[in-house]
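*Asks:* Next comes the sequence, and after it the predicted model I'd like to discuss.
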Amino acid sequence: MIRPDALLPAPLRRAHAAFVRLAEALQPLAQLAARLFVAQAFFLAGLTKLRDWETTLLLFTEEYRVPLLSPSVAAVLGTTGEVLLPGLLVLGLGGRVAALGLSVVNVVAVLSVPEMPEPAFMLHVFWGSLLAGLVLWGPGRWSADARLACARSRGRG
């Protein structure tokens with residue numbers, strides 16, 4: 001199999017290799033930025049729900065249509081996920097599981113608001129895309145998961 005960059009002239013091949021090295025060096029920063037951005041959005045939403053629990057219960061009863069759950073159970077589960085999972089995501093501790101959990105919260109939020117405005121829907125799609133990347137590729141080198149894996153590998157060697 002021929003590598004695509006093998007067809008390039010040598011100067012372009014070197015530039016491509018330098019670009020790839022730079023992109024790979026920036027991956028931990030991008031993963032951390034994604035974790036912080038998504039975590040902030042969900043954590044602030046959870047805090048808003050906690051600040052006025054009566055309104056939260058009313059919203060889950062009147063506005064949000066969470067499938068298969070009673071409004072009070074949906075409110076507790078959703079709020080708990082929005083408050084606890086972002087902390088794990090920021091730390092990168094159980095990062096893939098935290099990202100998957102927030103993905104579920106995100107999908108349920110989209111499904112439970114029947115008349116979601118287009119800009120809000122697009123924001124949920126963006127969060128979902130970032131979370132999918134974190135689920136698939138992990139929280140990155142700058143995470144508790146990476147530190148724990150490194151410590152475990154040192155303990156075996």
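*Replies:* Thanks, I have it.
*Asks:* Go through the chain and flag its longest helix.
*Replies:* The longest helix of the chain (DSSP state H) is helix 10-51.
*Asks:* ok now the helix or strand just after that helix, how far from the chain's centre?
*Replies:* With elements assigned by DSSP states H and E, the helix or strand that comes after helix 10-51 is helix 53-62. With Cα atoms, centre = their mean, to the nearest Å as the basis, the distance from the averaged C-alpha position of helix 53-62 to the chain average is 26 Å.
*Asks:* before we move on, what about stretch 122-132?
*Replies:* Distance, stretch centre to chain centre, for stretch 122-132: 8 Å (Cα atoms, centre = their mean).
*Asks:* and what of stretch 100-111?
*Replies:* For stretch 100-111 - counting by Cα atoms, centre = their mean - the centre lies 10 Å from the chain centre.
*Asks:* returning to that earlier point: pLDDT on the longest helix of the chain, on average?
*Replies:* Per-region confidence: helix 10-51 scores 96 on mean pLDDT.
*Asks:* which helices and strands does it pack with?
*Replies:* Based on contacts counted as 3 or more Cβ pairs under 8 Å, 6 or more residues apart in numbering; DSSP states H and E, the elements that helix 10-51 packs against are helix 71-91, helix 95-112, helix 118-137. The C-beta positions use only the backbone N, C-alpha and C, and glycine is treated the same way.
*Asks:* Now do the longest one: everything it contacts.
*Replies:* Contact with helix 71-91 is made by 35-36, 38-40, 42-43, 45-47, 49-50, 53, 56-57, 59-61, 64, 66, 69, 94-95, 97-99, 101-102, 104-105, 108-109, 112, 134, 139, 143-144, as judged by Cβ atoms under 8 Å, 6 or more residues apart in numbering.
*Asks:* Just the buried ones from these?
*Replies:* Buried positions within those, assessed by neighbour count (16 or more other Cβ atoms under 10 Å), are 35, 38-39, 42-43, 45-46, 49, 56-57, 59-60, 64, 66, 94-95, 98-99, 101-102, 105, 108-109, 112, 134, 139, 143.
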